[in-house]
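K.L.:
here is the input, now give the coordinates:
(one chain, ligands or ions: 3)
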Amino acid sequence: MGELLSYACERPLPAGTLVRVPLGAREVLGVVWDADEAPGGLPEGTALRPVAGVLEGLAPLDLPWRRLVAFAARYYQRALGEVALAALPAHLRGLRPEQFARRLRRPTPPADAAAHTVQQSVALTTEQASACARIASEPGPFLLFGSTGSGKTEVYLRCVQEMLQADPTAQALVLVPEINLTPQLEERFAARFGASAVVPLHSGMTGPQRLRSWLAAHSGAARIVLGTRMAVFASLPGLKFIVVDEEHDPSYKQQEGARYSARDLAIWRGREQGAKVLLGSATPSLESWHASRPPTPEDPGGGRYARLHMPSRIGAGALPRVRRVDMSQQPRHAVLSVPLLAAITERVARGEQCMVLLNRRGYAPVLHCADCDWKSDCPHCSAHQVFHKTDRSLRCHHCGHTVRVPRHCPRCGSPDIRPMGRGTEQLEEQLCSLLSEVLRPDRTPVRIARIDADTTRAKGALEQQFAQVHSGAVDVLVGTQMIAKGHDFRRITLVAAVQPDGALFSSDFRAPERLFALLMQAGGRAGRDAVYMAAQGTQCEMWVQSFCPRHAVFETLRTHDYPAFAAQQLRERAQAAMPPFSHLALVRADARTQEVAQGFLSAASAAAHAAALPGLERVTLFPPVPLAIQRVANVERAQMLLESPRRAALQHFLLAWKSVLQATRHDPAHKGLIRWLVDVDPLEI
Ligand code: ADP
Ligand code: ZN
Ligand code: ZN
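P.N.:
Ligands and ions are numbered 1, 2, ... in the order given. Predicted coordinates:
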């Protein structure tokens, strides 16, 4: 591997043991790695520095864990040590052996009591029962394709429950996209299995909290780990079952350091460690959808995954009726079309809740001078500074650069500077004024609230604001995609997307897929309580305002027809040789100038061809291009796309190319290069 370091130790230490070792002048955490991968041929008599200490009392990290880390490092082109350390709780890095020993003496919850079911489970529906039966009898992996409210969570709970009961040492890993946005899932697992059996693992926890969960998982005391993408690396010696909820969610892809996909690693880990893997979604990623295609005469093998379908919603009314408004027929610059405003007014007057989605925070994306055409550009980025009215600031959402809103145009002095376009702040303001005369059934004024990254910055703010909506203290909720996720609001009967068109013209080929998933998920917030809907005598609605209402995304949304949407998108992907019909990697370069960034990429590409690297015959290297947002914080960014019909060929090539990239980086011709990185299976291109 060439990345392993050797140390002397007076007794043999099993692989997976955690140790403290000297590194230069520092002492750092290390993991004893497998001897067969140790650097061979140390010269006779080499003086090795001794291991400084062993973290006693901790079972070594097992072979499946070490293999997972080694695979992730290799596949995502990172150093083994970097991935191994990132996979361990950060708090562990700072503890000396004696501190660790004290930490271990603190009581952890007992490992038995944990397995029993606390809350009685419900009787499964036919669809749920048949999904569970297939999961029990087939090897998987499984894709559970179920509408919002079809009872997917109940299937997860039941499968985990059966597995835990059958095997007293078995453990389950449940991955969720963002724990804050789906608090109810954690509650449901804790209610079903008892709080001590379930441990959370996510970045919102403090270092000591995370270490505590990690130790509980590693020792087997925790039967269920419920966490975000980082939890895919948890040490789980008894792992038998992995759930990836909302498997299509982009947050499963780590976008820094080792850019891994937790969903893809979950599939790999499940296969290696003999754990069943269950992916769930109402709008699966096209990769998973394609991988679960049923066999046909032309394609007798079908996909690698088993697809389970649960089309019916439980306890909820029908999916919302989708209403499209052609914005080209509406007054120019209208935020809310006339019919949408009328519909919202009518609903809140009846005491129902509405949700209005606009995926852009701030008041307006740019401030503009009518006299000289000045725009509020960020001085450090190729992007506008966003106008925030609440604190009268102009803020760059890329580098954070913030200034006060000028009174006059900084260029020509004109007082005629105005916001252009709109964000959630403005939408909230306009709704407040448009609905100011409307009264609720109890003759009180309509209450409007906004939830986005700006309103939820303070700790606990997010939970508190969602609790307000749940309690019924809000009639109209305005927000970004944050409000579209897993929340189970009971009285929402209308959901509106006011400006979804941007994604249709994005250069990113996955933008329509993300938009469709977002709109389906948002629509799924409406009419969740059939009893309430019946009492109101109403039907729920999803409104879409668009300049191209006939677009395939909206046509298929209208009929809630994910399979039709997927089929249409997959045809386009096949024609364009895009994933899942090809495999991609990106090489990014950051430099002081765009020339240097692109120069480095071109040189690395030329060097690959000159050396005729293995795999190259099946890999296409495209020319370097600037990123869509080319400059951020005064750093110029460029990227180069690699495409191959074969994953193995791409991997083979990348492995061989690594040293070429490293050598190219040290060529003085590329002075000014700040960094380069490889993103395998990139999510955004
Ligand atoms: P999903 O995860 O697919 O959105 P959930 O599992 O949250 O769906 O189920 C939706 C609602 O239906 C929840 O309120 C849940 O408690 C209820 N539910 C699920 N399964 C059953 C069942 N078998 N019988 C009765 N209610 C159920
Ligand atoms: Zn001006
Ligand atoms: Zn900036």
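K.L.:
could you list the domains of this protein?
P.N.:
Annotated domains of the chain cover 18-105, 126-310, 317-361+423-575, 363-421, 583-680 [automatic domain parsing].
K.L.:
and the fourth one, is it in reach of ligand 3?
P.N.:
Yes: contact of domain 363-421 with ligand 3 (Cβ under 5 Å from the ion) involves 378, 380-381, 396, 398-399, 401. Backbone N, C-alpha and C define where each C-beta goes, glycine included.
K.L.:
in helices only, show me the residues you listed.
P.N.:
In this view, those have no member that belongs to helices under DSSP state H.
K.L.:
please pick the buried ones from those residues.
P.N.:
Among those, the ones that count as buried by 16 or more other Cβ atoms under 10 Å are 378, 380-381, 396, 398-399, 401.
K.L.:
out of the residues of domain 363-421 next to ligand 3, which is nearest to ligand 1?
P.N.:
residue 398 (34.4 Å; Cβ to the nearest ligand atom).
K.L.:
mind listing what that closest one touches?
P.N.:
By Cβ atoms under 8 Å, 6 or more residues apart in numbering, the residues touching residue 398 are 378, 381, 383, 629, 632-633.
K.L.:
tell me how many other residues crowd the residue in the stretch 151-300 of the chain positioned nearest to ligand 2.
P.N.:
Shortest the stretch 151-300 of the chain-to-ligand 2 distance, computed as Cβ to the ion: residue-wise this is residue 255, at 37.1 Å. Number of residues near residue 255 (other Cβ atoms under 10 Å) recorded here: 11.
K.L.:
any idea how far it is from residue 349?
P.N.:
Residue 255 is 44 Å from residue 349, where distance means Cβ to Cβ, to the nearest Å.
K.L.:
CSV for the contacts of residue 398, including distance to ligand 2 and pLDDT?
P.N.:
Shown next, in CSV, are these (distance: Cβ to the ion, whole Å; pLDDT from 0 to 100):
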residue, distance to ligand 2, pLDDT
378, 17, 96
381, 21, 95
383, 20, 93
629, 24, 92
632, 26, 96
633, 26, 96
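K.L.:
dump those residues into JSON lines; add distance to residue 224 as well.
P.N.:
Listed next are the contacts of residue 398 as JSON lines, based on distance: Cβ to Cβ, whole Å:
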{"residue": "378", "distance to residue 224": "45"}
{"residue": "381", "distance to residue 224": "43"}
{"residue": "383", "distance to residue 224": "42"}
{"residue": "629", "distance to residue 224": "40"}
{"residue": "632", "distance to residue 224": "40"}
{"residue": "633", "distance to residue 224": "41"}
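K.L.:
list just the nearest of these to residue 154.
P.N.:
residue 629 (42.2 Å; Cβ to Cβ).
K.L.:
give the helix, strand or coil label for the closest one.
P.N.:
Of the three states, residue 629 takes strand under DSSP: H, G, I helix; E, B strand; the rest coil.
K.L.:
the closest residue to it other than its chain neighbours: how many residues sit nearby?
P.N.:
The shortest distance from residue 629 to any non-neighbouring residue, by Cβ to Cβ, 6 or more residues apart in numbering, is to residue 383 (5.4 Å). Counted with other Cβ under 10 Å, the neighbours of residue 383 add up to 20.
K.L.:
now residue 383. Its backbone dihedrals?
P.N.:
Dihedral pair for residue 383: phi -150, psi 160, per degrees, to the nearest 10.
K.L.:
quick one, what contacts it?
P.N.:
Taking Cβ under 8 Å, 6+ apart, we find residue 383 in contact with 377, 396-398, 629, 632.
K.L.:
of those residues, which belong to strands?
P.N.:
629, 632 (DSSP state E).
K.L.:
got the residue ranges for the helices in the stretch 451-600 of the chain?
P.N.:
Here the stretch 451-600 of the chain has its helices, by DSSP state H, counting those that start in this stretch, at 461-471, 511-523, 530-536, 552-558, 562-575, 594-610.
K.L.:
report the buried residues of stretch 204-220.
P.N.:
By neighbour count on 16+ other Cβ under 10 Å, the buried set for stretch 204-220 is 205, 209-218, 220.
K.L.:
which one of those is nearest residue 317?
P.N.:
Sorting the buried residues of stretch 204-220 by distance to residue 317 puts residue 205 at the head of the list, at 37.0 Å, by Cβ to Cβ.
K.L.:
after the lowest-mean-pLDDT helix or strand in the chain comes which helix or strand?
P.N.:
Scoring the helices and strands of the chain by mean pLDDT, DSSP states H and E places helix 97-105 at the bottom, with a mean of 81. Where DSSP states H and E defines the elements, the next helix or strand beyond helix 97-105 is helix 126-137.
K.L.:
the residue of the stretch 151-300 of the chain closest to ligand 2: what's it in contact with?
P.N.:
Going by Cβ under 8 Å, 6+ apart, residue 255 touches residue 683.
K.L.:
ligand 1 contacts on the stretch 251-400 of the chain?
P.N.:
Contact residues (Cβ under 6 Å from any ligand atom) of the stretch 251-400 of the chain with ligand 1: 314-315.
K.L.:
mind doing that once more with 8 Å?
P.N.:
Selection of the stretch 251-400 of the chain residues close to ligand 1 by Cβ under 8 Å from any ligand atom yields 280, 282, 310, 313-316.
K.L.:
now find how far off-centre stretch 667-685 is within its chain.
P.N.:
With Cα atoms, centre = their mean, to the nearest Å as the basis, stretch 667-685 stands 23 Å off its chain's centre.
K.L.:
what mean pLDDT would you report for that stretch?
P.N.:
Confidence for stretch 667-685, expressed as mean pLDDT, is 93.
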